[in-house]
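Peer 1: Here's a sequence, model it:
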Amino acid sequence: MSFDLIDAVERFIRRERLLAPREALFVAVSGGIDSMVLLHVLRRLGHACTVLHVNHGLRGAESDGDEAFVRAHCEQAGIAFRSANVDVDALKAEEPVSTQMAARLLRYEWLDEILSPIGAARCALGHHADDVVETLFINLLRGTGRGGWGAMGPRRGDYIRPLLLVHRADIEAYAREQGIQWREDSSNTSEQYQRNRIRHELLPLLESIRPGAQRTIARSTRLLRHLTQLGDEAIHRFHEQEPVSHDFTQRIPFASLEGDEHAWIYLYYTLRGLGFHPDVVDRVHDAVAERVTGATFESARYQVLVDREVLIMKLLKPTNAAWTRIDLQAANGSGNGFDWGMESGPPAEIPATMLVAVLDADRLGGPLILRPWQPGDRMRPIGLGGSKLISDILIDAKVPRTEKDSVHVLVNGDGGIAWLVGHRIGEGYQASATTRRTLRISKVR
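Peer 2: Okay, the predicted model is just below:
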């Protein structure tokens, strides 16, 4: 085999600091070729592995056969094995989610239960370079912000992806060379799933137009992920130059916008964070360029005013005491029934209650606001794999109607909801073992 998969994975793990040499870890194994190769490679590299398998029960006897296959493989090889059966249909009856999303939510819910008491343990997933390309097209087709360009990175909290730079063809070649057995998932050929159509129709078409397109796109996704991180830092620096006042008013001089060729992207994420539609961003940008003094634009809670030489964004009801601004540069603070503080490094402990949020401060962009939830608010809860209306989450949680109005959300600088107080943490905002700065927020009354 011309491509040395073992060497490539070892270098990737070392470069991304995913694991220490011979570190023990969990490995999520479905029985498919990707996860079976992942398990084989990690063991070849000297890592003690505990296999975790989730039986979703979606394919009847075939699903049971997958579990039996993985269990038998582990018993034969002397590998620790743990499994769980989940009820996807029951979750779909409770929440308006697709079959795939329900399966993903339940899968990660169980994996999180395994990982949480352990603390420092990692769990390896079998995602590879082709999965990254497919995910990019899924995000592009549904519309994506900067989070969708490089959403599948080498690590997400306690989860790592050692095969992320390896392509499916290389995995198949390795499996044949090493005599690795695996199970084929019949759902991978079903055209009812968008990912399968991208895999079997779109990507082959791109390859026919330009051979090697998939590998080229995979390299581009890696660049996009790093460029996105640099862009986030630039947006954060821009907001530091034009800080939000304590009454939630921000003033951006026209000179700051006209002297920077990236002004539109700063405006885009500033206004999106205040609830404005993307089309309004262009209208505001045009009003600034054309000096339409007096032009005003309003979202549900904010007003944007084009003044003589400055763009003014202000809260329509700045006296509302239920709105609280959190300064990420301050060591600690409190207000309106919440306490918060910054901690260096990863969290010392993960709270068992959703009345305390432990978040990665470097993934949060300012201004950070605690406010009552509003109709139309959406978030991406950890493990769901998609967004969901806050109103639906509260209904599913059976929150009494009399208490709904007092429920708060923590809104990130780009408009994402990082915490639904008392209920859920937003995907991508949670603190982990790799966190450098932890923000801990508690609801105290």
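
Peer 1: longest helix anywhere in this structure?
Peer 2: Secondary structure of the chain read by DSSP state H shows that its longest helix is helix 213-241.

Peer 1: Lowest-scoring secondary structure element of the protein by mean pLDDT?
Peer 2: helix 401-404 (a mean of 68; mean pLDDT, DSSP states H and E).

Peer 1: Show me how the record splits this structure into domains.
Peer 2: As given by automatic domain parsing, the domain ranges for the chain are 5-225, 249-315, 324-443.

Peer 1: Could you export those domains as CSV, including mean neighbour count and distance to residue 233?
Peer 2: The C-beta positions use only the backbone N, C-alpha and C, and glycine is treated the same way. Putting these into CSV (neighbours: other CB atoms under 10 Å; distance: least, CB to CB, whole Å) gives the following:
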stretch, mean neighbour count, distance to residue 233
domain 5-225, 17, 12
domain 249-315, 16, 12
domain 324-443, 17, 9
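
Peer 1: can I get those in a markdown table with distance to residue 235?
Peer 2: Converted to a markdown table, the domains of the chain look like this (distance: least, CB to CB, whole Å):
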| stretch | distance to residue 235 |
| --- | --- |
| domain 5-225 | 9 |
| domain 249-315 | 6 |
| domain 324-443 | 6 |
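
Peer 1: of the ones you listed, which approaches residue 234 most closely?
Peer 2: Residue 234 lies closest to domain 249-315 among those, at 7.0 Å (CB to CB).

Peer 1: first vs last residue of the closest one, how far apart are they?
Peer 2: Counting by CA to CA, to the nearest Å, you get 6 Å between the two ends of domain 249-315.

Peer 1: from the chain's centre, how far out does that domain sit?
Peer 2: 28 Å (CA atoms, centre = their mean, to the nearest Å).

Peer 1: just stretch 18-35 next, same as before
Peer 2: Distance of stretch 18-35 from its chain centroid, counting by CA atoms, centre = their mean, is 21 Å.

Peer 1: and what of stretch 374-386?
Peer 2: 11 Å.

Peer 1: Residues contacting that stretch, please?
Peer 2: Residues from elsewhere that reach stretch 374-386 (CB atoms under 8 Å, 6 or more residues apart in numbering): 97-98, 100-101, 104-105, 107-109, 112, 275, 300-301, 387-391, 393, 409, 416-417, 420, 424-428, 430.

Peer 1: Mind giving me the packing neighbours of the longest helix of the chain?
Peer 2: Identification of packing neighbours for helix 213-241 by 3 or more CB pairs under 8 Å, 6 or more residues apart in numbering; DSSP states H and E yields helix 129-142, helix 203-209, helix 263-272.

Peer 1: the helices in the stretch 51-200 of the chain, which residues?
Peer 2: Ranges of helices in the stretch 51-200 of the chain, per DSSP state H, counting those that start in this stretch, are 61-77, 88-94, 99-115, 129-142, 168-178, 194-197.

Peer 1: do you know which of those helices lies nearest residue 334?
Peer 2: Between residue 334 and the helices of the stretch 51-200 of the chain, the tightest spacing by CB to CB is seen for helix 99-115, at 29.6 Å.

Peer 1: I'd like to know which elements the closest one is packed against.
Peer 2: Here helix 99-115 touches strand 25-28, strand 49-55, helix 88-94, strand 123-124, going by 3+ CB pairs under 8 Å, 6+ apart.

Peer 1: Could you check the angle it makes with strand 49-55?
Peer 2: Per axes from the mean of the first three to the mean of the last three CA atoms, to 10 degrees, the angle that helix 99-115 makes with strand 49-55 is 140 degrees.

Peer 1: for the record, mean pLDDT for helix 99-115?
Peer 2: Across helix 99-115, pLDDT averages out at 84.

Peer 1: Stretch 218-226 now?
Peer 2: 84.
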